[in-house]
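K.L.:
Sequence and predicted structure, then a few things I'm wondering about:
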Amino acid sequence: MSRFRPLPRSFYRRPAETVARDLLGRYLVRELDGERLVLRLVETEAYLGEPDRASHAWAGRRTPRNESLYLPGGYAYVYMIYGMHFCLNAVTGEADAGGAVLLRAGEPVEGEERMRENRSWVRIPRPGDLAGGPGKICQALAIGRELDGAPLDQPPLYIAKGEPVAAEEIMASPRIGVDYAGEAALWPLRFSERGHPHVSRPRPS
């Protein structure tokens, strides 16, 4: 179906803030053991690279952990936080720019039962419980470091066309968990679909 057609890598070769807005309403697709798991993206955060103190590329930092962040736009950057949760980012811009978009929340579209199994849920979750947070997305779709650096325009992990959210339905607010980043902590680079129940907590107002 056309709505599941992968976005081209050229889609990501733009500023992180632009891509973050444009990813809302798109489909994050994970092909796993012959099954297709799909989340409709409802929340993202932009990280602007070297000038952004909240970014892993701030001040040009480059380590084995964040090397994929310096690929050209259209690749996955997967890292672990708190020693237990993975986070998935879409790299943006040109090579060596260090920009990325953190995928923060999604609404289940296909494969919800498998997602619940991946998250060890035995009951039907409330909206936002299954994939309402970056760590929850990676658990639901079985995404780990093995997908770090994977291209996002082909299986087993890709972002598909979907239906972009209208500009008037997009809320911009400060990013979550970056209080250490000085004035960058206040930049309105968290984007979410207005009033959507699957947006992560704390929800913007």
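P.N.:
Sure thing, it's come through.
K.L.:
show me where this protein has strands.
P.N.:
Listed in chain order, the strands of the chain (DSSP state E) span 27-32, 35-47, 76-81, 85-92, 99-110, 153-154, 157-160, 170-173, 190-193.
K.L.:
Can you show me the CA trace of the last one as CSV?
P.N.:
What that stands for is strand 190-193. What follows is strand 190-193, C-alpha atoms only, in CSV (Å, rounded to 0.1, in the frame of the first residue of the first chain):
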residue,chain,number,x,y,z
ARG,A,190,9.3,18.8,21.1
PHE,A,191,6.5,18.3,18.6
SER,A,192,3.3,16.5,19.2
GLU,A,193,-0.1,16.0,17.6
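K.L.:
Dump the strands of the chain to TSV, plus distance to Ile137, mean neighbour count and mean pLDDT.
P.N.:
Any C-beta I mention is one placed from the backbone N, CA and C, and that applies to glycine too. Shown next, in TSV, are those (distance: least, C-beta to C-beta, whole Å; neighbours: other C-beta atoms under 10 Å; pLDDT from 0 to 100):
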stretch	distance to Ile137	mean neighbour count	mean pLDDT
strand 27-32	7	22	98
strand 35-47	7	25	98
strand 76-81	11	19	96
strand 85-92	6	24	98
strand 99-110	6	25	98
strand 153-154	19	15	98
strand 157-160	11	21	98
strand 170-173	19	17	98
strand 190-193	14	24	98
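K.L.:
Dump the ones you listed into CSV; add distance to Arg65 as well.
P.N.:
Output for the strands of the chain, formatted as CSV (distance: least, C-beta to C-beta, whole Å):
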stretch, distance to Arg65
strand 27-32, 22
strand 35-47, 15
strand 76-81, 6
strand 85-92, 12
strand 99-110, 13
strand 153-154, 24
strand 157-160, 19
strand 170-173, 28
strand 190-193, 23
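K.L.:
quick one: which of these is nearest Ala59?
P.N.:
Across the strands of the chain, Ala59 has its closest neighbour in strand 35-47 (13.3 Å, C-beta to C-beta).
K.L.:
Okay, angle between that closest one and strand 85-92 too, please.
P.N.:
Taking axes from the mean of the first three to the mean of the last three C-alpha atoms, to 10 degrees, one finds strand 35-47 and strand 85-92 inclined to each other by 70 degrees.
K.L.:
Show the secondary-structure elements that strand 35-47 is packed against.
P.N.:
If you count contacts as 3 or more C-beta pairs under 8 Å, 6 or more residues apart in numbering; DSSP states H and E, strand 35-47 packs onto helix 16-23, strand 27-32, strand 99-110, helix 112-118, helix 134-140, strand 190-193.
K.L.:
Fine, thanks again, bye for now.
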